[in-house]
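Participant: next one to model:
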Amino acid sequence: MDKRIKWIDYSKAGLIYLVVLAHYGHINTNVENLICAFHMPAFFFISGYLHKSSDWAASIKKNFQRLIIPALCFSFIYMMVNCAVYYVQNHALSLEDNLIKPLLGIIRYDRPNATPPCGVIWFLEVLFICNVLVDIVRKSITAITAITLLCIAGTWVLAMQGVVCMSYGFMPQRFLASFPFVAAGILFRHYDLLEKFLKNYILGIVAIVLFISAALWNGRAGIMTWRFGNDALLFFTIALIGSLAFFWLMEKIRYEAPYVILKISTGTITILCLHKLMIPVISRILHINPYFGSLIILAICFPLILLFDKYTPWLVGRKRA
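Facilitator: Model prediction:
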């Protein structure tokens, strides 16, 4: 069994909380901008940092099981829930609205022509592309660096042209803005840069100050929404600095990650894919502060994580518990 890395477990648990909080809404605009400036890039970074290389055929099989099967399964769950709600409201079902548009939405974010049943699966689908590509080039540092530069250039060009949604090209387009962070994780691991950074107090504090000031100046950014604030190139820099600053803070927690944190860390797919179903219910029933509401959603997801791990590990991308 692989040895757990403390700062990664704390980081994944903290990041998934921030994802829920950002989607929960009703939080301070500056806080929301700070969260959205780095939370998904940090997840991509961790994925690259932990990436284990394999040949391309094994990579497709492994990542299809880990990422695409959960994306399809949770999309089906959302489709069933949406069908039930649609039937209650309209006393009938629509072939177009309840089947065709949701199925198209799994690969195409293009309302009103396609309706993603579970919008957050874009992360899983884009990560699938990133992981397979890394293995196709056999984790060559030169090739990964070249692809990264091309992705950054492509993102900048599309952002400058005002292209937000490319319909069927939605996933490849988001891949352009996501792959550099997967690559950063791989490069930081390859050159042993992160461990040195995490031990440096001065660099950590500087990173926090730089991130907060730059992110607030740059404005709202996000890969999924294809918003990069004042400048797309600056977005990549800010997101990387913010990710490193967050990891530095998590590494400073002296205690080993408790059981709850470990399970949340390993159950991020469950929380990622289910929290958007829970937010409307929790917010309407409890009418509480979004920071507490987000914690409640994590608490509700916790037993689900245990159940999925034990009885349906395939649902969350595992062969066994």
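
Participant: the most centrally placed residue in the chain and Leu15, how far apart?
Facilitator: What sits nearest the mean C-alpha location of the chain, by CA atoms, centre = their mean, is Met40, with 4.4 Å. Plainly put, Met40 is 8 Å away from Leu15 if you go by CB to CB, to the nearest Å. For glycine as for every other residue, the C-beta is placed from the backbone atoms N, C-alpha and C.

Participant: so who does the nearest residue to Gly25 once chain neighbours are set aside touch?
Facilitator: Excluding its sequence neighbours, the residue lying closest to Gly25 (CB to CB, 6 or more residues apart in numbering) is Pro290, at 6.6 Å. Contact analysis of Pro290 by CB atoms under 8 Å, 6 or more residues apart in numbering lists Leu21, Tyr24, Gly25, His26, Ile27, Ser283.

Participant: with respect to Lys139, which of those residues is nearest?
Facilitator: Within the contacts of Pro290, the smallest distance to Lys139 is 34.0 Å, found for Leu21 (CB to CB).

Participant: from Ile141, how far off is the closest one?
Facilitator: In terms of CB to CB, Leu21 sits 36 Å off from Ile141.

Participant: which one's more surrounded, these two?
Facilitator: Comparing Leu21 with Ile141 by other CB atoms under 10 Å, the one with more neighbours is Leu21, at 22 against 13.

Participant: residues in contact with the more buried one?
Facilitator: Counting by CB under 8 Å, 6+ apart, Leu21 makes contact with Ile27, Ile35, Pro290, Tyr291, Ser294.

Participant: so which residues of the stretch 201-321 of the chain form helices?
Facilitator: With helices called from DSSP state H, counting those that start in this stretch, the stretch 201-321 of the chain shows them at 201-218, 232-251, 259-266, 268-286, 290-311.

Participant: who are the packing partners of the first one?
Facilitator: Packing contacts for helix 201-218, counted by 3 or more CB pairs under 8 Å, 6 or more residues apart in numbering; DSSP states H and E, involve helix 29-36, helix 193-198, helix 232-251.

Participant: good, wrapping up.
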